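>>> Sequence plus the predicted model coming up.
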Amino acid sequence: MSRLGRPPLEGLKRQLRNRRDHASQSRSDQGPNAARDSFVRETYTLERGEARQKAREWFERFPKAAYWTQVESWRQLPDRRIEFTMRRLPTAD
């Protein structure tokens with residue numbers, strides 16, 4: 001019986017390198033803070049009541065079950081306004 005050697009991996013290495021280069025290039029085109037996922041994000045700074053209303057609008061317009069809508073982060077600023085980021089998928093399947 002003859003032993004088969006390892007298959008050449010240069011083609012696979014080249015494909016992986018090209019894919020990584022392409023992915024990093026597309027991220028850099030979107031700016032230094034571009035997210036590495038497909039979520040759509042919007043950040044708001046509003047009074048507490050307005051912030052609640054804006055979040056409700058998002059949940060009504062983009063239902064959580066279909067778009068994975070959520071308040072990604074929030075904080076209360078010294079002037080008592082709320083800064084928050086809403087996150088959702090771009091489309092529902």
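Cool, got the structure. Numbering: from 1, shown residues only.
>>> quick one: residue 51 and residue 89, what's the gap?
Per Cβ to Cβ, to the nearest Å, residue 51 is found 22 Å from residue 89. Every residue, glycine included, has its C-beta placed from N, CA and C.
>>> Mind checking which of the two has more residues around it?
residue 51 (19 against 15; other Cβ atoms under 10 Å).
>>> low-confidence ranges in this protein?
1-2, 23-36, 92-93 (pLDDT under 70).
>>> just the strands in it please.
Using DSSP state E, the strands of the chain run over 40-46, 70-76, 82-88.
>>> Now distance to residue 5 and mean neighbour count too, for those strands, in TSV please.
As requested, the strands of the chain are exported to TSV (distance: least, Cβ to Cβ, whole Å; neighbours: other Cβ atoms under 10 Å):
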stretch	distance to residue 5	mean neighbour count
strand 40-46	49	13
strand 70-76	50	13
strand 82-88	49	19
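>>> nearest to residue 16, of those?
strand 40-46 (28.6 Å; Cβ to Cβ).
>>> neighbouring contacts of stretch 82-91?
38-48, 51, 54-55, 58, 62, 66-77 (Cβ atoms under 8 Å, 6 or more residues apart in numbering).
>>> make it 10 Å
Outside stretch 82-91, the residues within contact range by Cβ atoms under 10 Å, 6 or more residues apart in numbering are 35, 37-52, 54-55, 57-59, 61-64, 66-77.
>>> cool, stretch 47-65 as well?
For stretch 47-65, contacts defined as Cβ under 10 Å, 6+ apart pick out 40, 42, 44-46, 67-71, 74, 76, 79-84, 86-92.
>>> Identify the spatial nearest neighbour of residue 77, chain neighbours not counted.
Take residue 77 and drop its neighbours on the chain: the residue closest to it by Cβ to Cβ, 6 or more residues apart in numbering is residue 83, 5.8 Å away.
>>> What separation do you get for the one you found and residue 71?
11 Å.
>>> before we move on, the earlier item: now distance to residue 12 too, for the strands of the chain, in a markdown table please.
Output for the strands of the chain, formatted as a markdown table (distance: least, Cβ to Cβ, whole Å):
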| stretch | distance to residue 12 |
| --- | --- |
| strand 40-46 | 34 |
| strand 70-76 | 36 |
| strand 82-88 | 35 |
